[in-house]
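A.B. asks: A predicted structure for the sequence below; I have some questions about it.
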Amino acid sequence: TSATGSGIEQDKVQRSVATAFAHLYRMQTDQLHRPSVTEAQLKAAATCDKGSTRVAAQGPGNDWRCVVTWHLPGVEATGQAIYQLDVTPDGRFMADGDGPKEVNGYFLVRTPEGDAPNPLWQFDGNVELLDTTPKG
């Protein structure tokens, strides 16, 4: 792979963000004492692009933007949240919630350890840089 892409590709970023979001959404549901939901039930997905349509959606940078969608069981409407991403050359990303504020804005949730920021407001994760598809 080229140094510019460094294995950071659109589909890998999308998968990583959706996985992290689903995990944290489930945690937030617990903290807000809402009915439990599994990550599989959420069917979270992310659509990410970089900068503009003229820029290839690959490589590190702070110009990634992702729209995460999910489904709650028994609810017809699809949930949607926007994140700004900063992806480092080693594949680490920092996601910053950009609305709607009820989902990924800054507010406190009550945890057993005390009040803590909404887990969906800002979170870190890693893009799987290695191809995990078996060859052969």
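C.D. replies: Thanks, I have the structure now.

A.B. asks: residue contacts, the spatially most central residue of the chain?
C.D. replies: To find the centre residue of the chain, average its C-alpha atoms and take the closest one (CA atoms, centre = their mean): that gives Val17, at 2.9 Å. Residues touching Val17, when contacts are defined by CB atoms under 8 Å, 6 or more residues apart in numbering, comprise 46, 48, 66, 68, 83, 85, 93, 95, 125. C-beta here means a position set from N, CA and C on the backbone, and glycine is covered the same way.

A.B. asks: nearest to Pro60, of those residues?
C.D. replies: Phe93 (9.1 Å; CB to CB).

A.B. asks: for the closest one, give its distance to Leu32.
C.D. replies: With the distance defined as CB to CB, to the nearest Å, Phe93 ends up 25 Å from Leu32.

A.B. asks: mind checking which of these two has more residues around it?
C.D. replies: In terms of neighbours (other CB atoms under 10 Å), Phe93 is the more surrounded of Phe93 and Leu32; the figures are 24 against 11.

A.B. asks: show the backbone phi and psi for that one.
C.D. replies: Its backbone dihedrals place Phe93 at phi -130, psi 150, with angles given as degrees, to the nearest 10.

A.B. asks: for it, give me its contacts.
C.D. replies: When contacts are taken as CB under 8 Å, 6+ apart, Phe93 is in contact with 13, 16-17, 64, 85-87, 124-127.
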